[in-house]
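Quick one, fold the following:
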Amino acid sequence: MLDLVLKNRSVAFRVSVKSAISVLMVVLAVGLPQIAHVAGGASAGAVWMPMYLPALLAGCLLGWQWGLAVGALSPIASFAFTTVALGTAMPMLDRLPYMVLELAAYGVITGLFAKKIQKNTLLAFPAVIIAQLSGRVIYVIYNLIAGKSFAALMSSVQTGLVGLYLQAIIVPVLVIVLAKALMRDSKKSEE
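Residues are numbered from 1 along each chain as shown. The predicted structure is shown next:
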């Protein structure tokens, strides 16, 4: 989505802007779960799934490559930070592989819609929902292969529905608001 605003800039500048936004998204993906756990207790992460929001947003705003990077790096960065700084790994090591895959899928799939979202920001709604469904399918398949019971997985998926529902609204609304702000600023700079 940022490509429209950055189109007259050099490649190095565009990459720098997208890199900075990607780093911000990874930092959000590390910080939001910490805030959720402080505010809502240990189970807040499973209910609200706050790490997923930045991966969805990164894909919508930056495209699939950047969405992939943010999605894959977010759980790794969170694991590294919380292990070193807090002494308690979040996500736990056994959850890290499927979270990397799931969040990477979120970023890639929303990112595949990024160019269409530039033209019609309302497409962020189906992009997020399709990404969420795909990511949850990856989660279930990975964990079934790892030997988890289907009933336990469905219970876990059900626990996270509140977070998924909220993100299916919050992410597209953020995309729409950011698009309007960027286009307004872009038009002002052209005048």
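
count of residues packed around the closest residue to residue 81 other than its chain neighbours?
Excluding its sequence neighbours, the residue lying closest to residue 81 (C-beta to C-beta, 6 or more residues apart in numbering) is residue 30, at 5.4 Å. For every residue, glycine as well, the C-beta is placed using N, CA and C. By other C-beta atoms under 10 Å, 23 other residues sit near residue 30.

and the gap between residue 30 and residue 44?
Distance, residue 30 to residue 44, using C-beta to C-beta, to the nearest Å: 15 Å.

For stretch 3-23, which outside residues touch it?
Here stretch 3-23 makes contact (C-beta atoms under 8 Å, 6 or more residues apart in numbering) with 2, 58, 61-63, 66, 69-70, 114-115, 118, 182-183, 185-186.

contacting residues for the residue most central in space within the chain?
Compute the mean C-alpha point of the chain, and by C-alpha atoms, centre = their mean the closest residue is residue 55, 1.5 Å away. Residue 55 makes contact with 25, 29, 67, 70, 71, 74, 103, 104, 106, 107, 110, according to C-beta under 8 Å, 6+ apart.

how many neighbours does residue 138 have?
By the measure other C-beta under 10 Å, the count of residues near residue 138 is 17.

should've said residue 185
Count around residue 185 with other C-beta under 10 Å applied: 11.

now residue 154
Residue 154 is flanked by 11 other residues according to other C-beta under 10 Å.

ditto for residue 147
When neighbours are counted by other C-beta under 10 Å, residue 147 registers 6.

Now do the buried residues in the helix or strand bottoming out on mean pLDDT in the chain.
The weakest-scoring helix or strand in the chain, judged by mean pLDDT, DSSP states H and E, is helix 3-6 (a mean of 73). For helix 3-6, the neighbour count (16 or more other C-beta atoms under 10 Å) marks 5, 6 as buried.

following that helix, which helix or strand comes up?
Heading C-terminal from helix 3-6, the first helix or strand you meet, by DSSP states H and E, is helix 11-40.

ok so, going back, list the ones among the contacts of stretch 3-23 that fall in helices.
Using DSSP state H, the subset of these located in helices is 58, 61-62, 66, 69-70, 114-115, 118, 182-183, 185-186.

Kindly reformat the residues you listed as TSV containing distance to residue 14.
TSV is the format used below for these (distance: C-beta to C-beta, whole Å):
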residue	distance to residue 14
58	15
61	13
62	10
66	11
69	15
70	16
114	14
115	15
118	14
182	14
183	17
185	16
186	14
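
Mark which of those are buried, thanks.
Among those, those buried by neighbour count (16+ other C-beta under 10 Å) are 58, 61, 62, 66, 69, 70, 114, 118, 182.

Against residue 131, how distant is the second one?
If you measure residue 61 against residue 131 using C-beta to C-beta, the figure is 13 Å.

same question, the first one
Counting by C-beta to C-beta, the gap between residue 58 and residue 131 amounts to 11 Å.

hey, what's in contact with both of the two?
Residues touching both residue 58 and residue 131 (C-beta under 8 Å, 6+ apart): 107, 110.
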